[in-house]
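>>> sequence first, predicted coordinates after that:
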There are 2 protein chains.
Amino acid sequence: MLRSLRPYFSPASGSLEVGAKEDDDAAVWRAETGRVVGTVDTMVEGIDFRLDWPGYRFRLLGRRLMAINLSDLAAMGAQPRHALISLSLPGRLRLREVRDLYRGISERARAAGCTVAGGDLSGIDGPIVLTAALFGTIRPGRRPLRRSGARSGWALAVTGTVGRAAAGIGLLLAGKKPTSTAERRWVRAVYDPQPRVEAAQILQSVGIRVAGDISDGLYREIERIAQPAGLGAVVDADQLPLDADLRRSREHAWSSGLMESEDYELLCAAPRPLLEAARRRLRHDLDLELSIIGTLEHGRGIRVHVAGRLVVLPGLGAGYQHFR
Amino acid sequence: MLRSLRPYFSPASGSLEVGAKEDDDAAVWRAETGRVVGTVDTMVEGIDFRLDWPGYRFRLLGRRLMAINLSDLAAMGAQPRHALISLSLPGRLRLREVRDLYRGISERARAAGCTVAGGDLSGIDGPIVLTAALFGTIRPGRRPLRRSGARSGWALAVTGTVGRAAAGIGLLLAGKKPTSTAERRWVRAVYDPQPRVEAAQILQSVGIRVAGDISDGLYREIERIAQPAGLGAVVDADQLPLDADLRRSREHAWSSGLMESEDYELLCAAPRPLLEAARRRLRHDLDLELSIIGTLEHGRGIRVHVAGRLVVLPGLGAGYQHFR
């Protein structure tokens, strides 16, 4: 089976010297100077996705597997270089489906400048389990983006739009087919998230050092940045870059965008002038918005300014939930 | 949960700058000169192991997960450096069991000079699925061991003993508890294989360039080395380093050792004087045997000298089988 998937593995070229196309025990690539960033993430059928979601296809599954791992590298400011893929697949899958899975993996990898260096296939008597391990590099002279190191008075900013993925998951869990343009956009945010690889490198290049991805929820990510610094935060609900249709169609849409967000956007913290410089560069180079949504402050907890009131939301971990 | 497992993750020290002990999206380590070897391998409950095997414990599972990946690095002649672990665990597992799993992972990693740099935990409504991705380095000035590059006239040699793991799996599949010392040794070969990390580096240091691990079967591995060179091989059944009790207790034990071997030993091919030099070093440094078992020859197929006859065994892929 692995043999028939070889078209989707990267050829040995560039820094990749031995790839999965060859019949060795492991992949070999040339080491680079600087720092290596490594991450591993798994998607489990029934927990992280369902095959009966309307319009969901194996190619999208493959794209998502790469996207969630690319997002982890992006959150550290790394340039993706090499991926190792391990798939546990039940016998009920057809070869065509496995190929589509690999096609999705390979196209997302290629777009991010990452090889598919190695792979492993297992059988499983149970759900589909997809794992990718990714390695990236931090350019010499730059530092990885970290969650730690934020200071009081720094502003918090988030890339892109929030709330779409959570709204999409809501539709899918309710068994609804997306009907409007907005609903299709929400579901697309679940099916095919866009990792912010280039955006992260722009954040780094203007001198931003504190960031993380918001895939476990924006609120949870604010906590993760504030807490190690012994800080709290004030967030302005009106400044959250909520999807416009979501803001119009739902009461308290801000709460869903803040608490549930499964979007693969980046949250960063820095002095305001750095964030403004980053915003200009992101708009100019990537046509991507960066929204300042709040401030880190002395004290504990996260308070939200909403409709003239200051709301204190429940604490640690509340922003994180699996799809069921 | 991940938080309570932190004792089993490596602290940021040496080349590891950001480990799983910290709350970042990925691990960071300093790049090294030379070449990087990357591998990923997965163990699926019901396919690769069963929890009802007598005396099988979670710690052994963790040790095996590392061992099979360490063996892939060994087969390339790499020094293990960093591991990323992704576990998909059903809710029925107890925290103590998950801890034991990590304890096994961490002790095998430490013994091989490898960090446990990062980790990911998922739920699963199904079997336990354990994945490790490992990264090692090839010393500057050395080349990775490869399966390709063998020449006609070179001898084939295998480290250690073969047949134990296959005999152990046979007992386990038959639902038998091991009773004799020999049977316990066979089952131990399944439960706690020893990856040949140091042995591989000795092979490399004497100038051997062609090797692979025999976990998919010794016969299959001979094919993998012979075929890319357009060669065949002659194997002498009497020279196979079969477990002594196995040779005594079974007719045609050589056939099981050759075809089924699930042992994590190394097969290498080289001119005979190199293999003899390697044998002396392995005996002296590691008290490990290297047995010359045959020769690569022009022509196709693998022939086995057994009891004065020349037997031709069935072709490609026959040596490979899952545990069920």
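On my side now, so go ahead.
>>> sec struct for residue A:133, please.
Per DSSP: H, G, I helix; E, B strand; the rest coil, the secondary structure class of residue A:133 is strand.
>>> so it touches residue B:119, yeah?
No: taking contacts as C-beta atoms under 8 Å, residue A:133 lies outside contact range of residue B:119: 11.2 Å. C-beta here means a position set from N, CA and C on the backbone, and glycine is covered the same way.
>>> name the residues contacting each of the two.
With contacts defined as C-beta atoms under 8 Å, 6 or more residues apart in numbering or on different chains, the residues adjacent to both residue A:133 and residue B:119 are A:40, B:84, B:86.
>>> residues touching the second one, list them.
Under the criterion of C-beta under 8 Å, 6+ apart, the neighbours of residue B:84 are A:38, A:39, A:40, A:133, B:27, B:117, B:118, B:119, B:120, B:132, B:133, B:134.
>>> which residues touch the fifth one?
Pointing back at residue B:27 there. Shown in contact with residue B:27 (C-beta under 8 Å, 6+ apart): A:37, A:38, A:39, B:16, B:18, B:19, B:20, B:82, B:84, B:117, B:118.
>>> quick one, phi/psi of it?
For residue B:27, the backbone dihedrals are phi -90, psi 150 (criterion: degrees, to the nearest 10).
>>> pairing partners for it in the sheet, please.
Beta bridges link residue B:27 to residue A:38, judged by DSSP bridges.
>>> what residue in chain A comes nearest to chain B?
residue A:126 (2.8 Å; C-beta to the nearest C-beta).
>>> for that residue, which non-adjacent residue is closest in space?
Excluding its sequence neighbours, the residue lying closest to residue A:126 (C-beta to C-beta, 6 or more residues apart in numbering or on different chains) is residue B:126, at 2.8 Å.
>>> residue A:285 belongs to a strand?
No: going by three-state DSSP, the assignment for residue A:285 is helix, not a strand.
>>> not counting its neighbours along the chain, what's nearest it?
Nearest non-adjacent residue to residue A:285 (C-beta to C-beta, 6+ apart): residue A:202, at 6.3 Å.
>>> helix or strand for the one you found, which one?
Using DSSP states H and E, the element containing residue A:202 is helix A:197-205.
>>> can you tell me the SS state at residue A:54?
Judged by three-state DSSP, the three-state class of residue A:54 is coil.
>>> what about it, how many neighbours?
11 (other C-beta atoms under 10 Å in any protein chain shown).
>>> how about the contacts of residue B:84 in TSV, adding pLDDT and distance to residue A:69?
Formatted as TSV, those follow (pLDDT from 0 to 100; distance: C-beta to C-beta, whole Å):
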residue	pLDDT	distance to residue A:69
A:38	91	10
A:39	92	6
A:40	93	7
A:133	95	8
B:27	81	13
B:117	90	15
B:118	86	11
B:119	83	14
B:120	86	10
B:132	96	15
B:133	95	11
B:134	94	17
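>>> my read: residue A:115 touches residue A:14, true?
Yes: contact criterion C-beta under 8 Å: residue A:115 and residue A:14 qualify, at 7.5 Å.
>>> out of those two, which sits in the more crowded spot?
residue A:115 (26 against 12).
>>> identify the residue nearest that one in space, chain neighbours excluded?
Going by C-beta to C-beta, 6+ apart, residue A:115 has residue A:10 as its nearest residue, at 3.7 Å.
>>> surely the one you found is within a helix?
No: assigned with three-state DSSP, residue A:10 falls outside any helix and is coil.
>>> how about the residues of the stretch 201-324 of chain A that lie near chain B?
A:212, A:213, A:224, A:228, A:322 (C-beta under 8 Å from any C-beta of the partner chain).
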